[in-house]
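Student: have a look at this fold, sequence not included:
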């Protein structure tokens, strides 16, 4: 039962995050940008335990879990504010 909730919440978080990201492109805002990042990371974080448990049944899902874990590990580095590094 918990896997269903995690899956649904993950999809909702990612969809709302993407919508916030598109709206942020129209009206730039730091708060919208941060909300977009938080929602997309939360959605991916909620999906990870679902893929790990599903990987116990089918080994192919371990590949997807490893890709998702790698994405979660690299996302903060990819989303860092590049404007601060310019002088």
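Tutor: It's in. This is a predicted model, so every value here is computed, not measured. Numbering: from 1, shown residues only.
Student: tell me how far residue 43 lies from residue 9.
Tutor: Summarising the geometry, the distance separating residue 43 from residue 9, computed by CB to CB, to the nearest Å, is 8 Å. In short, each C-beta sits where N, CA and C put it, glycine included.
Student: next one: residue 58
Tutor: In this structure, residue 58 and residue 9 are 22 Å apart, going by CB to CB.
Student: for residue 35, same thing?
Tutor: Counting by CB to CB, the separation of residue 35 from residue 9 is 16 Å.
Student: higher neighbour count, residue 43 and residue 9?
Tutor: Set side by side, residue 43 and residue 9 show more neighbours around residue 43, with 19 against 14, by other CB atoms under 10 Å.
Student: check which residues of the host helix or strand of the more buried one are buried.
Tutor: Assigned by DSSP states H and E, residue 43 falls within helix 30-57. Buried positions in helix 30-57, judged by neighbour count with 16 or more other CB atoms under 10 Å: 32-33, 35-37, 39-44, 46-48, 50-52, 54-55.
Student: which one is residue 48 nearest to, not counting chain neighbours?
Tutor: Spatially, and ignoring its direct neighbours in sequence, residue 48 is nearest to residue 68 (5.4 Å; CB to CB, 6 or more residues apart in numbering).
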